[in-house]
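1. prediction below, plus the sequence it came from.
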Amino acid sequence: MSTKILSGSPESENIDAKLRAWRQGDVALDVDWFVHIANGNQLLTDIEVEEREIGAVTTGAKGVVVVSQTCDIVRNCLKRPFVQVARLVHMTNEQIGGVQRLERPQFLLIPSIVHMGLVGDIDQIMTVEKSIVADWTRSPGCTNDTERRQVADALARHKNRPALPDEFAKVVSPLFDRLRNQRKSQNDEGRAIRALNQIRVTAQPDWSAPEIDLHFWFILGENTDPEIEWEKIVEGWIVRLDGQSGFRTFSGAAVELSDMTADEYVNSDVWDLDRLSSIPS
């Protein structure tokens, strides 16, 4: 028989004290279980099932990452009694590279454990009482504010992805195939693809217009090879776009993030390559 935890009691103060150091992006590698709500386990074909109840399936796990905001984690456990966590899954180095390039927004890169081949699967989230989390072993997921912002941005991007027209996928499909097929090439184009930090696209006048002009921003990462002829490379990418009804013109530019104005960044959308990707999850 459980005992209710009261405000100001030693139990609640102990829980709050244990969670005070936790931050969004922290991981618990000692958690070897995860709970899904499933229909007869029909969709969990790649997960080893350990225990099943009506509607609830307990599976094995390689750990979890906390996705709740830090301010909610450290608040009084009686006012905010729950924490949300995502399941850690294993990925190959190639798949992790796709996450780093913002091609797979389903997955969350945690800097401190990326060397272990583990990432958070944001499509697999469960809610846990803080009294349970208090007994977990915390491992910091980030070491500085830049990494913490990257984790927060990845979580926000997963929920805020724009609903782009279906025709857009047809437009960019040939370019996507080119980027995927040439990524490992040791020529200028392969080096250019690997140098990209992200790809953003601006629709003018907007995505709901009957006729749309598309501009692609190929944003460069750090330490880009200065010998790459970016204008020529981008021109070769743009001509691969497949004109569809409703899309009028295409243009593009390779830029550093600092080259974009705030207005240009805010009014552009990340090209969600994950939606077109054929790489297995």
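-> Cool, the structure landed.

2. show me what whichever helix or strand Thr59 is part of packs onto, helices and strands only.
-> Thr59 is part of strand 56-60 when elements are defined by DSSP states H and E. Where contact means 3 or more CB pairs under 8 Å, 6 or more residues apart in numbering; DSSP states H and E, strand 56-60 is packed against strand 33-37, strand 49-52. All C-beta atoms are positioned from the backbone trio N, CA, C, and that covers glycine.

3. what sits against the residue nearest to Asn267 when sequence neighbours are not counted?
-> Nearest non-adjacent residue to Asn267, counting by CB to CB, 6 or more residues apart in numbering: Thr202, 6.1 Å away. Shown in contact with Thr202 (CB atoms under 8 Å, 6 or more residues apart in numbering): Leu214, His215, Trp217, Glu264, Asn267, Ser268, Asp269.

4. show me the residues you listed that map onto helices.
-> Glu264 (DSSP state H).

5. and the contacts of Thr202, which are buried?
-> Buried members of these, counted by 16 or more other CB atoms under 10 Å: Leu214, His215, Trp217, Ser268, Asp269.

6. Val27: which of these is nearest?
-> Of all the buried ones among the contacts of Thr202, Val27 sits closest to Asp269, with 29.8 Å by CB to CB.

7. so that closest one touches Asp206, yeah?
-> No - contact criterion CB atoms under 8 Å: Asp269 and Asp206 do not qualify, at 10.9 Å.

8. what is the burial count for the residue nearest to Ile37 when sequence neighbours are not counted?
-> Sequence neighbours aside, Gly55 is the residue nearest to Ile37 in space, at 5.5 Å (criterion: CB to CB, 6+ apart). The number of residues packed near Gly55 is 10, by other CB atoms under 10 Å.

9. wait, Gly55 sits on Val35?
-> No - contact criterion CB under 8 Å: Gly55 and Val35 do not qualify, at 10.3 Å.

10. what's the least confident stretch among the helices and strands packed on strand 56-60?
-> Note on the helices and strands packed on strand 56-60: lowest mean pLDDT is at strand 49-52, with a mean of 54.

11. now Val74: how far from Ile132?
-> 16 Å (CB to CB, to the nearest Å).

12. more neighbours, those two?
-> Val74 (17 against 12).

13. please report phi then psi for that one.
-> Val74 adopts backbone torsions of phi -90, psi 0, taken as degrees, to the nearest 10.

14. just checking, it touches Arg20?
-> Yes - in this structure, Val74 is within contact of Arg20 by CB under 8 Å, at 5.6 Å.

15. quick one: which of the contacts of Thr202 sit in strands?
-> Leu214, His215, Trp217, Asp269 (DSSP state E).

16. and of those, the nearest to Gly120?
-> In terms of CB to CB, no member of the ones in strands among the contacts of Thr202 lies closer to Gly120 than Asp269, at 22.8 Å.

17. and the helices in the stretch 1-150 of the chain?
-> For the stretch 1-150 of the chain, the helices defined by DSSP state H, counting those that start in this stretch cover 10-19, 70-73, 93-100, 130-133, 145-159.

18. all good on my end, thank you.
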